[in-house]
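Trainee: Show me the folded form of this:
(4 chains)
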2 protein chains.
Amino acid sequence: MRLKIGEFARMGQLSVSALRYYDEVGLLRPAEVDRWTGYRYYAYEQLWMLNRLLALKDLGLSLEQIRQLLGAELPVEQIKGMLRLKQAELQEQADDIKERLARVQARIEQIEKEGKMPDYEVVVKSVEPVRVGIIKDSVPSMEVVNVTLSRLFEEVGRYIVGNGGQISGPPTALWYSGPSMPPAEMEVAVAFPTESAIPTNERVQIEELPAVDTMASVVHRGPFSTIGEAYAALMHWLEQSPYQAAGPTRELNLEFEPTGDPNKWVTEIQLPVAEA
Amino acid sequence: MRLKIGEFARMGQLSVSALRYYDEVGLLRPAEVDRWTGYRYYAYEQLWMLNRLLALKDLGLSLEQIRQLLGAELPVEQIKGMLRLKQAELQEQADDIKERLARVQARIEQIEKEGKMPDYEVVVKSVEPVRVGIIKDSVPSMEVVNVTLSRLFEEVGRYIVGNGGQISGPPTALWYSGPSMPPAEMEVAVAFPTESAIPTNERVQIEELPAVDTMASVVHRGPFSTIGEAYAALMHWLEQSPYQAAGPTRELNLEFEPTGDPNKWVTEIQLPVAEA
DNA sequence: ATTGACTCTCAACTAACTTGAGGGTGCATA
DNA sequence: TATGCACCCTCAAGTTAGTTGAGAGTCAAT
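Mentor: From the prediction side, this is the model:
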């Protein structure tokens, strides 16, 4: 006895089109195909194969893998290897989904609290090492942060260019005293990326900012007066993340024209983090 | 300042081709495109958008959903709705993967025990109700199972055909005394599916075998003498499944020529199950 | 002979990109 | 000024595991 594709599909609880597809890719060919009409006829015996196929698919294996398992009778070791691989893969997926769920949950709570989509997204990325000309100094108080930094930026920039160097990235400030805004005197450094070979002096050093694998990053748009919000978002994210701060904060002035519209300024705040 | 696509890609830690794709689908267009060369130029300001995009992608949302969230500033309620939907979806996926993992684990253990891929696959499926002509009887002992069944099958078949009926499915035996092979006298029924309206007598009844939503099914190929293996596999599966038996076992003789080669016979064993 | 359910092939579509071919640009160096 | 090299462009095709649809042919019963 032989079954038409629809009957076979009902027995195996899958769609006719799936069966035609399995035929096309050579995974399960009908026992017989009418030479004139092209009708596919399946044998009851093939139900056994189909069930094996479906069982393997149910484990999450790809059709390609299933073809290998069904086609040649593979050595047991290889089969086990494939399964163990799949196991690891599934475990990874499970962990992944768990983290995703936590993030979705956090996002929902955040929206509930703020009543809108948050303005700041903290993303974790990796950054390459950067060779910089750098001045280390301190800022006496919050009031003079901007003017102090401006002066230092100008000094480093002038020095590099004055020594025939080329600037190859955005002006960057580094805060050594922790990522939150501290009240009093702060250790700060001001740096310009450069590839050029230039001399150092007692003020300007050449240094390499280290690569960071897990760098929390948030982008602030607008004047410096509101940059506190970005820091607040970063700190809040940090608290309920599995990370803790692991290095000086970097402030990259991606877009900064002192004479331009402050609303167009773009600053990236980077905080090296490590799993707690 | 503007960034070439490669620079922007490095900042956002994604591929150039992904950015081109986002441009193509209108999800994130470059701030500027050179009219003559087609070069895409991005503004630092767009990094903010990109981060938001990536954060949403990270939650597992589709690009279409992200487009909606980014495009119009959707009402908060709708955003929360989407996130909650996603949450439920992720939860489902997580459960799914957990089950898959258990099945992969079981399969590995099985292969380890048997030293090869198992010969029997148990699959759970649903079956429709079947109208049958049926005789209920008992089998006095295991020795005479085959001959008794043969006699009963012949009796029912002859009766249906003799009354002008048509047989619309495989001969089916039903075992009422539990799925394992019991030692002594067994309640059994023997049935032929039929759609025809035929009379009953005191031997042959017309009945409807009920639909079963969760029917464990295993396909045996070969003579009846080895069908015990299929039952063994089914029982073993049952034990370590979350199910228990929930009705009489059905034995469908999908392929059965009494005079033919027994190695060609195909029998499906069906066991209704329900979550314990 | 007709009807209705079923089947065939072939092409196009899905999501979110990636890969590759073939050709054009931008910029720094010799 | 030429040249090299890294980068950029477009367009087509490929990826998974099928589904959907058009247009045409077939089966089996009445």
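Trainee: A:Arg29: what secondary structure?
Mentor: coil (DSSP: H, G, I helix; E, B strand; the rest coil).
Trainee: Around chain B, pick out the residues from the stretch 51-200 of chain A.
Mentor: A:51-52, A:54-55, A:58-60, A:69, A:73, A:76, A:79-80, A:83-84, A:86-87, A:90-91, A:93-94, A:97-98, A:100-101, A:103-105, A:107-108, A:111-112, A:115-117, A:121-123, A:125-126 (CB under 8 Å from any CB of the partner chain). For the C-beta atoms, the positions are set from N, CA and C on the backbone; glycine is no exception.
Trainee: Show me these that map onto helices.
Mentor: A:51-52, A:54-55, A:58, A:69, A:76, A:79-80, A:83-84, A:86-87, A:90-91, A:93-94, A:97-98, A:100-101, A:103-105, A:107-108, A:111-112 (DSSP state H).
Trainee: now those residues: which count as buried?
Mentor: Buried residues within those, counting neighbours by 16 or more other CB atoms under 10 Å in any protein chain shown: A:51-52, A:54-55, A:58, A:69, A:79, A:83, A:86-87, A:90, A:93-94, A:97, A:100-101, A:103-104, A:107-108, A:111.
Trainee: for DNA strand D, what are the nearby residues on chain A?
Mentor: Contact residues (CB under 7 Å from any atom of the strand) of chain A with DNA strand D: A:15, A:17-18, A:20-22, A:34, A:36-37, A:39, A:57, A:62-64.
Trainee: and the gap between A:Gln205 and A:Pro199?
Mentor: Distance of A:Gln205 to A:Pro199, computed by CB to CB, to the nearest Å: 10 Å.
Trainee: what about these two, which has more around it?
Mentor: A:Gln205 (15 against 9; other CB atoms under 10 Å in any protein chain shown).
Trainee: what's the closest non-adjacent residue to the more buried one?
Mentor: Counting by CB to CB, 6 or more residues apart in numbering or on different chains, A:Gln205 lies nearest to A:Ile134, which is 5.4 Å off, once chain neighbours are set aside.
Trainee: For the one you found, the count of nearby residues, please.
Mentor: 22.
Trainee: now swap in A:Phe153 and tell me
Mentor: 20.
Trainee: Return the residues in contact with the closest residue to it other than its chain neighbours.
Mentor: In this structure, A:Phe153 finds its nearest non-sequential neighbour in A:Pro171, 5.1 Å apart by CB to CB, 6+ apart. Each residue near A:Pro171 by CB atoms under 8 Å, 6 or more residues apart in numbering or on different chains is listed here: A:Phe153, A:Gly157, A:Val190, A:Ala191, A:Phe192, A:Leu252, A:Asn253, A:Phe256.
Trainee: will you turn the residues you listed into CSV that also has secondary structure and pLDDT?
Mentor: Converted to CSV, these look like this (DSSP: H, G, I helix; E, B strand; the rest coil; pLDDT from 0 to 100):
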residue, secondary structure, pLDDT
A:Phe153, helix, 93
A:Gly157, helix, 91
A:Val190, strand, 96
A:Ala191, strand, 95
A:Phe192, strand, 94
A:Leu252, strand, 96
A:Asn253, strand, 95
A:Phe256, coil, 90
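Trainee: of all these, which comes closest to B:His220?
Mentor: A:Leu252 (69.2 Å; CB to CB).
Trainee: Quickly note the distance from the residue nearest to A:Phe153 to B:Ile5.
Mentor: For A:Pro171, the distance to B:Ile5 - CB to CB - is 23 Å.
Trainee: do the same with A:Val273
Mentor: Applying CB to CB to A:Val273 and B:Ile5 gives a distance of 28 Å.
Trainee: Now for the residue of the stretch 151-276 of chain A found nearest DNA strand D, how many residues are close by?
Mentor: At 12.5 Å from DNA strand D, A:Ser168 is the closest residue in the stretch 151-276 of chain A, using CB to the nearest atom of the strand. The number of residues packed around A:Ser168, counting by other CB under 10 Å, is 14.
Trainee: Hmm, it is touching A:Glu195, no?
Mentor: Yes. Using CB atoms under 8 Å, A:Ser168 makes contact with A:Glu195 at a distance of 5.3 Å.
Trainee: what's the first-to-last distance across stretch A:202-217?
Mentor: 32 Å (CA to CA, to the nearest Å).
Trainee: tell me which residues in that stretch are buried?
Mentor: A:Val204, A:Ile206, A:Leu209, A:Val212, A:Met215, A:Ala216, A:Ser217.
Trainee: Let's have the residues you listed in CSV, adding distance to B:Gly26 and pLDDT.
Mentor: Shown next, in CSV, are those (distance: CB to CB, whole Å; pLDDT from 0 to 100):
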residue, distance to B:Gly26, pLDDT
A:Val204, 46, 93
A:Ile206, 45, 92
A:Leu209, 37, 94
A:Val212, 33, 95
A:Met215, 30, 96
A:Ala216, 30, 96
A:Ser217, 26, 96
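Trainee: and which of the residues you listed is nearest to A:Tyr176?
Mentor: Looking across the buried residues of stretch A:202-217 and measuring by CB to CB, the closest to A:Tyr176 is A:Leu209, at 12.4 Å.
Trainee: Let me see the contact set for the nearest residue to that closest one once chain neighbours are set aside.
Mentor: Leaving aside its sequence neighbours, A:Leu209 sits nearest to A:Val130 (CB to CB, 6+ apart; 4.5 Å). Counting by CB under 8 Å, 6+ apart, A:Val130 touches A:Gly169, A:Thr172, A:Pro193, A:Glu208, A:Leu209.
Trainee: Can you narrow the residues you listed down to the ones near DNA strand C?
Mentor: Okay, of these, nothing touches DNA strand C (CB under 7 Å from any atom of the strand).
Trainee: Among those, which one sits closest to B:Pro248?
Mentor: Closest to B:Pro248, out of all of those and judged by CB to CB, is A:Leu209, at 75.0 Å.
Trainee: and the closest one, what does it touch?
Mentor: A:Pro129, A:Val130, A:Arg131, A:Val132, A:Thr172, A:Leu174, A:Ala191, A:Arg250.
Trainee: list the buried ones in the helix or strand of chain A with the lowest mean pLDDT?
Mentor: Scoring the helices and strands of chain A by mean pLDDT, DSSP states H and E places helix A:63-71 at the bottom, with a mean of 89. Neighbour counts using 16+ other CB under 10 Å place A:Gln65, A:Ile66, A:Arg67, A:Leu69, A:Leu70 of helix A:63-71 among the buried residues.
Trainee: ok, the nearest residue to A:Arg84 once chain neighbours are set aside - contacts?
Mentor: Excluding its sequence neighbours, the residue lying closest to A:Arg84 (CB to CB, 6+ apart) is B:Ile108, at 6.8 Å. Residues near B:Ile108 by CB under 8 Å, 6+ apart: A:Lys80, A:Leu83, A:Arg84, A:Gln87.
Trainee: distance of the second one from DNA strand D?
Mentor: In other words, A:Leu83. 16 Å (CB to the nearest atom of the strand, to the nearest Å).
Trainee: same check, this time on A:Glu7
Mentor: 11 Å.
Trainee: show me the contacts for that residue.
Mentor: Contacts of A:Glu7 (CB under 8 Å, 6+ apart): A:Tyr42.
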